[in-house]
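*Asks:* Test case, fold it:
(chains A and B)
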Amino acid sequence: MADLVIRNLHAKIVDSDKEILRGIDLEVSRGETHAIMGPNGSGKSTLSHVLMGHPGYEVTDGEVLFHGDDLLTMAPDERSRAGLFLCFQYPYAVPGVTVANFLRTAINAHRGKGDPIRIPEFRTRMEAAMKLLDVDRKMSSRYLNDGFSGGEKKRLEILQLAMLKPSLAVLDETDSGLDIDALKIVAHGVNAHIGDEMGAIVITHYQRILDYITPSHVHVLIEGRIARSGGAELAKELERAGYADIAASVEA
Amino acid sequence: MAATDQDVESLEGIGDGYKYGFHDEEKPVIKVDRGLNEGIIRQISAHKSEPAWMLEFRLKAYEIFLKKPMPEWGSDLGEIDFANIFYYLKPAEENARSWDDVPEDIKNTFERLGIPQAERKFLAGVGAQYESEVVYHSLQQDLADQGVIFLDTDQALREHPELFREYWATVIPANDNKFAALNSAVWSGGSFIYIPKGIKLDLPLQAYFRINAQNMGQFERTLIIVDEGAYVHYVEGCTAPTYSSDSLHSAVVEIVVKKGGRCRYTTIQNWSNNVYNLVTKRAIAEQDATMEWVDGNLGSKITMKYPAVILKGEGAHGEVLSIAFAGKGQHQDAGGKITHMAPRTSSVITSKSISKDGGRSSYRGLLRVNPGAVGSRSKVVCDALILDEHSRSDTYPYINVGEPNVDIGHEATVSKIGEEQLYYLMSRGLPEAEASAMIVAGFVEPITKELPLEYAVEMNRLIQLQMEGSVG
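*Replies:* Presented below is the predicted three-dimensional model:
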């Protein structure tokens, strides 16, 4: 069985009637990179947050298995410790909490009680990850995302990915707001981890990031359903033709 | 040994994160009858062999106490039963200079609270008050040799009568408010500190206040004089057993900081949730002097406390950093008061409050700028964090500016702990309680970073304990 199995997933915003996800089926395994593309409002970000367990969404039907376990009954922290990682499109700031303190606490949460990471080992790992992502070491003593530029936030998201080593990473519009140099660095950081140990879902509106992170699968999400699936060539086709044709075929 | 009812009673609340709710068996040397009357006051004064002027001062204060109405603002104090309180309890014969001379039970209590250990590691001097009297006192010899005085207040009255009388009740007179009057009538213990000209203490002096008996009233009185160009950091901590009936802590703290001197006064208040904590604290800062209050209120049932600085001399600076944490059944009515009396004085009030599990925290502040205090600057920032919908936060910022040529800023924010902030931290593997505690620790960080490391750690640990009580 695939690491992640999504079957007939339906979801809506809590306290609203409108379904945003209307029956998603998807399987992702380690070593695979699935791009999920689609126009604004098609449900891309909703899918990422439903997978992570955002309290603002409610699953109305379907199931999600992660390593064979029912992902939907787990709290977000349990999902994280089970190996799922979401690279946020808009990461939240936590003033007063330093990046280093946060990263160490997160790593220790993953290691479990009674086995905290030793400070020198933590420092070494953090500095290696910072080098990979071309992040200023001073960032470790800044407050988490507090006053960070868009690019700094995205790099810190990938830095967390590098340190927590998930088995499945969901990248939600990681390319938005990045200039081309920053995008290359971020893609480099992600590519360093995609492989035998990690699978990825790359959510994007544009095909730009896919020039740097080559997908093994591409899915087009239209109105809460996967309207078409294919290989990397599908992304190129979308770049030329846009979403209109596929959207029209769904309506037909 | 079987648990007694009292043992069971004292264990209540420990599950909520309060670790100091234990109590010792009472073995008083002297314990006056319950309630208050002139006879009790005469008894206290006679037992202490005080000079006549002090007895007179007490009796006059008692009259004021009887006449003054209860405050009608702030918290509801209607349940305080003054007749049910013990106003004086002497726990030990001697104020010891060595922990070995402190009675075994009491010594063990302070060991559990970590006081002798802290003394060995990072303190220049320690006072430990248990019920009404200071039972242990120490000061590093080299400081004593330089003329530093750090005594319990009763002893200072005996040993330094002139210095004592020069400053006594000059900052907070007995008629200041009902509880200052009560303290003036029945005061016992507290710290008396004098730092001579130019002497700067590298390490803090600390006093620890412990209430042990049920329905106890603790009324310590602290007087600190920092002479010209001198510096002292004084730290106080306090705890009490958890009982089902109330105790009363009503202290008065007076501070005078002379020209160019600096005093920092740090409080980590962690009374059990059956203690009324009604304290008057005020400092006078003379020319170019600096007074800083760092006031952490985590415990008690009700706290009403607004540390004040009177900026009397030109160029004086005053600061109040206040943290209040109100949990279940608690009301923290805290804040600060600053009066600018002289030109080019400056002040900062920073207040951070957290309310959870139905707790209520209020910021109450008074900023006054008198006519003539030209070029004065003041900044007031109060931020409140509310952790759930049952809890409450209020802000009462009073600003009274009588001088046009000044720079005054005021900012206030109220926020709920963000569901999305919490989600973000949890998405990185932090369990909910740990994620909340991290957000709260970050919220108060601007204040904890001002504390010496040991106290910052202690403050964060206490916050963590409060948070653990709220989740899971």
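*Asks:* tell me which element whichever residue of the stretch 151-252 of chain A sits closest to chain B falls in.
*Replies:* Nearest residue of the stretch 151-252 of chain A to chain B (C-beta to the nearest C-beta) works out as A:Gln160 at 6.5 Å. Quick note: C-beta positions are derived from backbone N, CA and C, even for glycine. A:Gln160 belongs to helix A:150-164 when assigned by DSSP states H and E.
*Asks:* Show me what that helix is packed up against.
*Replies:* strand A:84-87, helix A:99-111, helix A:119-132, helix A:180-191 (3 or more C-beta pairs under 8 Å, 6 or more residues apart in numbering or on different chains; DSSP states H and E).
*Asks:* Show me what counts as buried in the third one.
*Replies:* In this case it means helix A:119-132. A:122, A:125-126, A:129-130, A:132 (16 or more other C-beta atoms under 10 Å in any protein chain shown).
*Asks:* Same question for the second one.
*Replies:* By neighbour count, with 16+ other C-beta under 10 Å as the criterion, the buried positions of helix A:99-111 are A:99-110.
*Asks:* Then stretch B:199-215?
*Replies:* B:199, B:201, B:204-215.
*Asks:* likewise stretch B:39-54?
*Replies:* Of the residues in stretch B:39-54, those buried (16+ other C-beta under 10 Å) are B:40-41, B:43-45, B:48, B:50, B:54.
*Asks:* Closest residue of the stretch 351-472 of chain B to chain A?
*Replies:* B:Gly442 (2.9 Å).
*Asks:* Could you check how far that residue is from B:Asp176?
*Replies:* 37 Å (C-beta to C-beta, to the nearest Å).
*Asks:* who's more crowded, those two?
*Replies:* More crowded of B:Gly442 and B:Asp176, by other C-beta atoms under 10 Å in any protein chain shown: B:Gly442, with 23 against 18.
*Asks:* Any idea which residue is closest to the centre of chain B?
*Replies:* A centroid search over chain B (C-alpha atoms, centre = their mean) returns B:Thr267, at 4.9 Å, as the residue closest to the centre.
*Asks:* neighbours around the residue of the stretch 151-252 of chain A closest to chain B, how many?
*Replies:* By other C-beta under 10 Å, neighbour count at A:Gln160 equals 23.
*Asks:* Helices of the stretch 201-350 of chain B, start to end?
*Replies:* Under the criterion DSSP state H, counting those that start in this stretch, the stretch 201-350 of chain B contains no helices.
*Asks:* returning to what we had before: list the contacts of the residue of the stretch 351-472 of chain B closest to chain A.
*Replies:* Counting by C-beta atoms under 8 Å, 6 or more residues apart in numbering or on different chains, B:Gly442 makes contact with A:94-97, A:143-144.
*Asks:* let's see 10 Å
*Replies:* Listed by C-beta atoms under 10 Å, 6 or more residues apart in numbering or on different chains, the contact set of B:Gly442 reads A:93-98, A:101-102, A:143-144, A:146, B:385, B:421, B:448.
*Asks:* just B:Glu319 next, same as before
*Replies:* B:264, B:290-294, B:307, B:309, B:336, B:338, B:346-350, B:379, B:450.
*Asks:* so does stretch A:126-145 get close to chain B?
*Replies:* Yes - counting by C-beta under 10 Å from any C-beta of the partner chain, chain B has neighbours in stretch A:126-145: A:143-145.
*Asks:* quick one on the thing from earlier: mind checking which of the buried residues of stretch B:39-54 land in helices?
*Replies:* B:40-41, B:43-45, B:54 (DSSP state H).
*Asks:* Just name the closest of the buried residues of stretch B:199-215 to B:Ser391, please.
*Replies:* B:Ile211 (26.7 Å; C-beta to C-beta).
*Asks:* Tell me how many other residues crowd the nearest residue to that closest one once chain neighbours are set aside.
*Replies:* The shortest distance from B:Ile211 to any non-neighbouring residue, by C-beta to C-beta, 6 or more residues apart in numbering or on different chains, is to B:Ala240 (3.9 Å). For B:Ala240, the count of nearby residues is 28 (other C-beta under 10 Å).
*Asks:* for B:Ile417, same thing?
*Replies:* 17.
*Asks:* Please apply the same query to B:Glu38.
*Replies:* 12.
*Asks:* what's the answer for B:Asp145, then?
*Replies:* So B:Asp145, with other C-beta under 10 Å, has 8 neighbours.
*Asks:* how much space between it and B:Ile199?
*Replies:* Distance, B:Asp145 to B:Ile199, using C-beta to C-beta: 11 Å.
*Asks:* repeat for B:Asp176
*Replies:* B:Asp176 is 30 Å from B:Ile199, by C-beta to C-beta.
*Asks:* what do you get for A:Ala187?
*Replies:* From A:Ala187 over to B:Ile199 (counting by C-beta to C-beta), the distance is 62 Å.
*Asks:* Over to A:Arg81?
*Replies:* Distance from A:Arg81 to B:Ile199, by C-beta to C-beta: 55 Å.
*Asks:* what residues are up against the residue of the stretch 201-350 of chain B at minimum distance from chain A?
*Replies:* Nearest residue of the stretch 201-350 of chain B to chain A (C-beta to the nearest C-beta) works out as B:Ile323 at 12.2 Å. Contacts for B:Ile323 (C-beta under 10 Å, 6+ apart) come out as B:267-269, B:294-298, B:332, B:334, B:350-354, B:361, B:443-444, B:446-448, B:451, B:459, B:463.
*Asks:* Ends of stretch A:15-22, what's the gap?
*Replies:* 17 Å (C-alpha to C-alpha, to the nearest Å).
*Asks:* Give me the contact list for it.
*Replies:* Residues outside stretch A:15-22 that contact it (C-beta under 10 Å, 6+ apart) are A:6, A:8-13, A:41-47, A:50, A:56-62, A:221, A:223-225.
*Asks:* Would you mind measuring from whatever residue of the stretch 101-250 of chain B ends up closest to chain A to B:Val294?
*Replies:* In the stretch 101-250 of chain B, no residue comes nearer to chain A than B:Lys121, which is 21.3 Å away by C-beta to the nearest C-beta. Distance, B:Lys121 to B:Val294, using C-beta to C-beta: 20 Å.
*Asks:* Which of the two has more residues huddled nearby?
*Replies:* B:Val294 (24 against 10).
*Asks:* Quick check: beta-bridge partners of the more buried one?
*Replies:* On the basis of DSSP bridges, B:Val294 is bridged to B:Thr266, B:Leu321.
*Asks:* Next up, the contacts around it.
*Replies:* Neighbours of B:Val294 in contact, by C-beta under 10 Å, 6+ apart: B:233, B:235, B:264-268, B:307, B:319-323, B:350, B:447-448, B:450-451, B:455, B:459.
*Asks:* Please list the members of the residues you listed that lie in strands.
*Replies:* Counting by DSSP state E, the contacts of B:Val294 place B:233, B:235, B:264-268, B:319-323, B:350 in strands.
*Asks:* out of these, who's nearest B:Arg368?
*Replies:* B:Val320 (13.6 Å).
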